[in-house]
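K.L.:
only the shape, not the letters, is given here:
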Ligand code: C2O
Ligand code: CU
Ligand code: CU
């Protein structure tokens with residue numbers, strides 16, 4: 001979805017397409033989205049460690065060119081981790097350190113960031129800490145944090161949008177053996193869903209345009225396949241949803257009218273399940289949900305989609321169909337409560353960030369500045385709790401992300417956040433003209449980290465700042 005305001009603006013533009021020949025022509029040159037539910041959902045492969053020593057596991061992936069069958073017909077050239085699109089899932093256990101070797105067999109320099117990871121600055125994938133073509137880098141991830149669905153992705157200076165669009169991202173899941181007692185759906189019933197939208201040429205290749213505004217596609221992919229289907233048993237499933245789109249925000253909903261029951265956000269489990277009619281998910285945000293298919297007859301198809309107009313159930317664009325095709329016992333449970341989350345209420349340092357568009361330069365700015373790798377914008381002190389206010393002066397949504405820390409949303413236009421936003425976050429949507437306050441405690445490491453808008457078009461052009469965490 002876009003915001004309602006943006007939606008109305010877009011509908012007006014859509015109407016204009018009928019009379020203006022040029023955009024219509026551009027559309028004709030793109031491959032049309034295939035009919036939904038023609039192909040099964042694929043689950044990204046889980047990467048096995050190459051070796052383990054004591055409390056440490058070693059992984060290795062190679063970034064290389066590959067061809068993947070995404071649309072019916074012609075294969076699509078992608079930039080991949082190990083030939084996969086999205087990349088293979090890295091699964092780790094809390095408390096076991098992971099050393100991930102990233103080998104670059106592409107012709108361009110790249111850097112890999114672990115989004116949501118509490119990692120040393122040297123392993124954070126700074127936009128200029130590049131792996132040359134032919135080179136490699138070992139990233140060290142302590143995994144000393146709550147179980148959560150994280151993701152790794154390219155973070156190259158001014159090329160993050162292109163590199164992610166071409167395929168350089170994948171999931172990184174931290175599991176905590178202590179969570180097993182919650183008895184949530186696990187194993188085959190714990191399914192990752194990576195949402196991406198893309199535009200394709202008729203020859204099957206990805207059509208990327210480096211835009212400062214939005215990079216949007218007309219084909220909706222889940223785990224790299226266009227609007228697929230998944231056969232499910234009539235029991236509970238856990239879905240880990242990541243919005244890995246470049247610019248698109250989604251307003252997720254079921255066509256059955258049942259609420260989506262959210263159990264986790266970016267940084268891990270909520271204090272309690274949070275049902276909601278629709279679930280907004282902006283770029284880089286994660287939401288985990290539990291769907292109980294025992295409510296449905298075998299033979300039912302339930303569709304998860306994106307509401308183009310948040311208020312209108314009929315505006316659902318299909319993303320994924322669940323086909324309830326069998327009966328099965330369900331030994332899993334959905335507890336009424338998980339673990340309490342201590343709310344952060346105040347901070348000792350307050351900072352304000354004005355988010356705006358510069359119409360002269362076509363750049364996006366934070367406090368009137370574009371990204372400068374030589375400038376440090378803020379210097380938080382280790383151990384301090386800070387309150388950051390994001391004030392959006394523009395007419396588009398900015399999903400604001402802070403590296404290293406996890407934060408809590410204090411309020412949105414002075415109102416308390418929705419239950420689904422009451423847990424740990426690392427990315428928060430700041431809607432047009434909205435003021436959103438978040439609180440975070442700086443823990444773990446000192447050094448240089450980024451904060452930025454995660455609409456990758458905005459990030460590249462140049463809505464990003466640097467913080468230096470000091471002792
Ligand atoms: Cu997904 Cu700078 O991050
Ligand atoms: Cu990040
Ligand atoms: Cu933005």
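P.N.:
Looks like it came in fine. Keep in mind that what you see is a predicted model, and the values were worked out from it rather than measured. Ligands and ions are numbered 1, 2, ... in the order given.
K.L.:
from here on, contacts and neighbour counts on C-alpha atoms
P.N.:
Fine.
K.L.:
which residue is it, in this structure, that comes closest to ligand 3?
P.N.:
residue 398 (3.7 Å; CA to the ion).
K.L.:
what about that residue, how many neighbours?
P.N.:
When neighbours are counted by other CA atoms under 10 Å, residue 398 registers 29.
K.L.:
now residue 326
P.N.:
Neighbouring residues of residue 326 were enumerated by other CA under 10 Å; the total is 13.
K.L.:
now do it against residue 291, distance only.
P.N.:
Distance check for residue 326 against residue 291: by CA to CA, to the nearest Å, it reads 15 Å.
K.L.:
go on, residue 228?
P.N.:
Distance from residue 228 to residue 291, by CA to CA: 17 Å.
K.L.:
so between the two, which is more surrounded?
P.N.:
residue 228 (23 against 19).
K.L.:
chain neighbours aside, what residue packs nearest to that one?
P.N.:
In space, and not counting its chain neighbours, residue 228 is closest to residue 37: 4.6 Å by CA to CA, 6 or more residues apart in numbering.
K.L.:
next one: phi and psi at residue 179?
P.N.:
Note on residue 179: backbone dihedrals following degrees, to the nearest 10 are phi -80, psi -10.
K.L.:
count of residues packed around it?
P.N.:
14.
K.L.:
surely the residue nearest to residue 228 touches residue 231?
P.N.:
No. Using CA atoms under 8 Å, residue 37 makes no contact with residue 231, being 11.1 Å away.
K.L.:
out of these two, which sits in the more crowded spot?
P.N.:
residue 37 (20 against 14).
K.L.:
for the more buried one, give its distance to residue 440.
P.N.:
42 Å.
K.L.:
close to ligand 3: what parts of the stretch 251-400 of the chain are there?
P.N.:
Residues of the stretch 251-400 of the chain found near ligand 3 (CA under 5 Å from the ion) are residue 398.
K.L.:
report the contact partners of residue 348.
P.N.:
384-387 (CA atoms under 8 Å, 6 or more residues apart in numbering).
K.L.:
which of these are buried?
P.N.:
Buried by 16 or more other CA atoms under 10 Å: 385-387, out of these.
K.L.:
take those residues and keep only those in helices.
P.N.:
Using DSSP state H, no member of these falls in helices.
K.L.:
in CSV: those, plus distance to ligand 2 and pLDDT.
P.N.:
Shown next, in CSV, are the buried ones among the contacts of residue 348 (distance: CA to the ion, whole Å; pLDDT from 0 to 100):
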residue, distance to ligand 2, pLDDT
385, 19, 98
386, 18, 98
387, 18, 98
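K.L.:
looking at these, which one is closest to residue 242?
P.N.:
residue 387 (25.9 Å; CA to CA).
K.L.:
pull the longest strand from the protein.
P.N.:
If you go by DSSP state E, the chain has its longest strand at strand 56-68.
K.L.:
could you point out which element follows it?
P.N.:
Heading C-terminal from strand 56-68, the first helix or strand you meet, by DSSP states H and E, is strand 76-81.
K.L.:
relative to strand 56-68, how tilted is that following strand?
P.N.:
Put simply, strand 76-81 runs at 170 degrees to strand 56-68, going by axes from the mean of the first three to the mean of the last three CA atoms, to 10 degrees.
K.L.:
tell me what whatever helix or strand comes next after strand 76-81 is packed against?
P.N.:
Going down the chain from strand 76-81, the next helix or strand is strand 87-93, by DSSP H and E. In terms of contacts (3 or more CA pairs under 8 Å, 6 or more residues apart in numbering; DSSP states H and E), strand 87-93 is packed against strand 76-81, strand 169-175.
K.L.:
strands paired with the longest one, and their directions?
P.N.:
If you go by DSSP bridges, strand 169-175 pairs up with strand 87-93 (parallel), strand 148-154 (antiparallel).
K.L.:
got a list of contacts for the very next helix or strand once past that strand?
P.N.:
Next helix or strand after strand 169-175 toward the C-terminus (DSSP H and E): strand 190-198. For strand 190-198, contacts defined as CA under 8 Å, 6+ apart pick out 43, 86, 165, 206-207, 216-224, 237-246, 248.
K.L.:
of those, which belong to helices?
P.N.:
Counting by DSSP H, the contacts of strand 190-198 place residue 165 in helices.
K.L.:
buried ones among the contacts of strand 190-198?
P.N.:
Applying 16+ other CA under 10 Å to these flags 43, 86, 165, 206-207, 216-217, 219-224, 237-246, 248 as buried.
K.L.:
where are the low-confidence patches of the stretch 1-150 of the chain?
P.N.:
Regions of the stretch 1-150 of the chain meeting the criterion pLDDT under 70 cover residues 1-28.
K.L.:
contact residues of it facing ligand 2?
P.N.:
Close to ligand 2, as judged by CA under 5 Å from the ion, the stretch 1-150 of the chain has residues residue 115.
K.L.:
can you tell me the residue of the stretch 1-150 of the chain closest to ligand 2?
P.N.:
Here the residue of the stretch 1-150 of the chain nearest ligand 2 is residue 115; by CA to the ion that distance is 3.6 Å.
K.L.:
list the residues that contact that residue.
P.N.:
Contacts for residue 115 (CA under 8 Å, 6+ apart) come out as 150-153, 403.
K.L.:
which of the residues you listed has the most neighbours?
P.N.:
residue 150 (25 neighbours).
K.L.:
not counting residues beside it along the chain, what's closest to that residue?
P.N.:
Nearest to residue 150 is residue 172, by CA to CA, 6+ apart, at 4.9 Å.
K.L.:
so residue 253 is in which element?
P.N.:
strand 250-254.
K.L.:
direction included, what does the helix or strand following that strand pair against?
P.N.:
The helix or strand immediately downstream of strand 250-254 is strand 260-265, counting by DSSP H and E. Sheet partners assigned to strand 260-265 using DSSP bridges are listed as strand 268-276 (antiparallel), strand 286-292 (antiparallel).
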